[in-house]
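Asks: Predicted model and sequence follow; I will ask about them next.
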Amino acid sequence: QVQLVESGGGLVQAGASLRLSCAASGRTFSDYKMGWFRQAQGKEREFVAGISWSGGSTVYADSVKGRFTISRENAKNMVYLQMNSLKHEDTAVYSCAADQRKFGRPSTYGYDYNSWGQGTQVTVSS
């Protein structure tokens with residue numbers, strides 16, 4: 001399995017931007033589809049964005065479409081989540097996840113992902 005470590009979270013005001021990073025180690029990073037999920041306090045985990053192994057295909061939750069961008073750099077074993085126009089309702093712990101099934105459309109279901117990071121807190125003040 002691949003090990004994942006997120007960074008880049010913090011406290012920002014509504015309307016601001018943040019970029020989350022996820023560093024992967026342990027296996028061939030380009031063999032994995034990657035995803036970002038979030039979990040707000042008292043709520044279930046929800047899908048945010050996913051990206052194919054090459055970066056050529058991306059999927060977004062409707063709630064973040066047009067504001068968030070997922071990207072990856074396979075040479076650096078990194079996946080990113082650029083978050084713009086942040087809203088209070090984006091407050092959550094954000095986790096990156098790896099899907100070992102290399103091919104196909106990025107999944108929006110958490111159970112399709114095999115490895116998870118510990119998460120990074122994003123707090124957006126209104």
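Replies: That came in fine, so what should we check first?
Asks: Kindly state the pLDDT recorded for the nearest residue to residue 121 once chain neighbours are set aside?
Replies: Leaving aside its chain neighbours, residue 121 sits nearest to residue 9 (4.8 Å; criterion: CB to CB, 6 or more residues apart in numbering). Placement of C-beta: from N, CA and C, glycine included. Residue 9 is assigned 97 on the pLDDT scale.
Asks: try the one 5 residues further on
Replies: Among the per-residue scores, residue 14 shows a pLDDT of 98.
Asks: Name all residues that make contact with residue 40.
Replies: Neighbouring residues of residue 40 by CB atoms under 8 Å, 6 or more residues apart in numbering: 89, 91, 92, 93.
Asks: Would you enumerate the residues in contact with the second one?
Replies: Neighbouring residues of residue 91 by CB under 8 Å, 6+ apart: 40, 122, 123, 124.
Asks: wait, which of those is closest to residue 21?
Replies: Proximity of the contacts of residue 91 to residue 21 (CB to CB) peaks at residue 122, which lies at 12.6 Å.
Asks: For the closest one, pull up the helix or strand it's in.
Replies: Using DSSP states H and E, residue 122 sits within strand 120-125.
Asks: Not counting its own residues, what contacts that strand?
Replies: Contacts of strand 120-125 (CB under 8 Å, 6+ apart): 6-14, 16, 18, 20, 38, 83, 86-95.
Asks: In its sheet, which strands sit next to that strand, and in what direction?
Replies: strand 10-13 (parallel), strand 92-99 (antiparallel) (DSSP bridges).
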